[in-house]
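[1] got a predicted structure here, sequence first:
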Amino acid sequence: MTGDQLKGYSPWFRLAGKSGVQNTIKMLTDPMERRRIPYAVTFGNHDIQCGISSEEQAELYRQQPYGVCPEEGAAGGGSFANFQLVATMVTLVSYMPMANLSCRIGRKVTTYIGIGLMCLGGFCVFLTQGYSPMIYVWVSIAGIGMGTVATTIYPMIMEVASEKTTGRYNGYYYTASMSAQIITPVLSGAVMEFNGYRYLYLYSVTCTILVVLPLIFVKKGNTVLLKDLEIGDPGNCSRYIRDRDPVG
């Protein structure tokens, strides 16, 4: 909330500089100040776009009677978002290379590799005590794993289905996906509340391992290997897929 308000989408707001930021902070914090409620701020991606640094903003919050932003590492909150940013960027970069890999070694095997990378990266973050630059390495490994699984799972499901059952399997996929998005905020919130933020990565690893269980029973849906295709015959791939015995 603070970042969107401080950034300002009007050019006149941006010309106000530090005084404009200070006035906005006073308006934002007034409800807590009037009720004498102590508060702190976690900086996000838009806070630093207002024209002054996070350290300067933290000082403005500390000037308020009930602002309790710590002096040391006050601006560190925003840096935690960088881990997720790195993981997302690496995920995007990994899509094409891992898709090509699946065409060489098979989609199912590639999925197992992706799951392994996600578990490795998440578990290493869990074992890391405090901040370390190595966390960027671990989240990058996990990001490659996420990109791999995202590239292989959905096409695998669609290739398992026949023309008559495509809608059914598509429904299964999104029902499972959306259900997980509903359930996991509750479970992950409980993990963070009762065990701490570090255990969120252990929770992620546990969920990733559970993906292996249904994957073991998948007998079809593998990609067409490049070595099985005749070079110079693009239609061979289509014929290979058409001639398979689909499920359903």
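    Happy to help now that I have it. Numbering: from 1, shown residues only.
[2] C-alpha from now on. contacts and neighbour counts both.
    Fine.
[3] element containing the closest residue to Thr110 other than its chain neighbours?
    Sequence neighbours aside, Ser102 is the residue nearest to Thr110 in space, at 5.4 Å (criterion: C-alpha to C-alpha, 6 or more residues apart in numbering). Assigned by DSSP states H and E, Ser102 belongs to helix 77-105.
[4] pull out the buried positions in that helix.
    Within helix 77-105, the residues scored as buried using 16 or more other C-alpha atoms under 10 Å are 78, 83, 85-88, 90-91, 94-95, 98-99, 101-105.
[5] one step back: can you give me the distance of the residue nearest to Thr110 to Glu193?
    39 Å (C-alpha to C-alpha, to the nearest Å).
[6] which regions of the protein sit below the pLDDT cut-off?
    Low-confidence segments of the chain (pLDDT under 70): 1-17, 44-51, 70-81, 220-248.
[7] recalculate using a threshold of 50.
    Applying pLDDT under 50 to the chain flags residues 73-78, 231-242, 244-248.
[8] so where do the helices sit in it?
    Taking DSSP state H, the helices of the chain run over residues 2-7, 11-15, 17-34, 54-62, 77-105, 107-127, 134-160, 166-194, 198-216, 235-242.
[9] just put the ones you listed in a markdown table and tack on distance to Ala40.
    Below are the helices of the chain laid out as a markdown table (distance: least, C-alpha to C-alpha, whole Å):
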| stretch | distance to Ala40 |
| --- | --- |
| helix 2-7 | 11 |
| helix 11-15 | 24 |
| helix 17-34 | 10 |
| helix 54-62 | 8 |
| helix 77-105 | 11 |
| helix 107-127 | 26 |
| helix 134-160 | 26 |
| helix 166-194 | 18 |
| helix 198-216 | 21 |
| helix 235-242 | 58 |
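[10] for Thr42, find the nearest of those helices.
    Evaluated over the helices of the chain, closeness to Thr42 peaks at helix 77-105, with 5.3 Å, by C-alpha to C-alpha.
[11] ok and that closest one relative to helix 107-127, angle-wise?
    Here helix 77-105 runs at an angle of 160 degrees relative to helix 107-127 (axes from the mean of the first three to the mean of the last three C-alpha atoms, to 10 degrees).
[12] list the helices and strands helix 77-105 packs on?
    Packing partners of helix 77-105 (3 or more C-alpha pairs under 8 Å, 6 or more residues apart in numbering; DSSP states H and E): helix 107-127, helix 134-160.
[13] out of these, the one nearest Lys26 is which?
    Taking the helices and strands packed on helix 77-105 one by one with C-alpha to C-alpha, helix 134-160 is closest: 35.7 Å.
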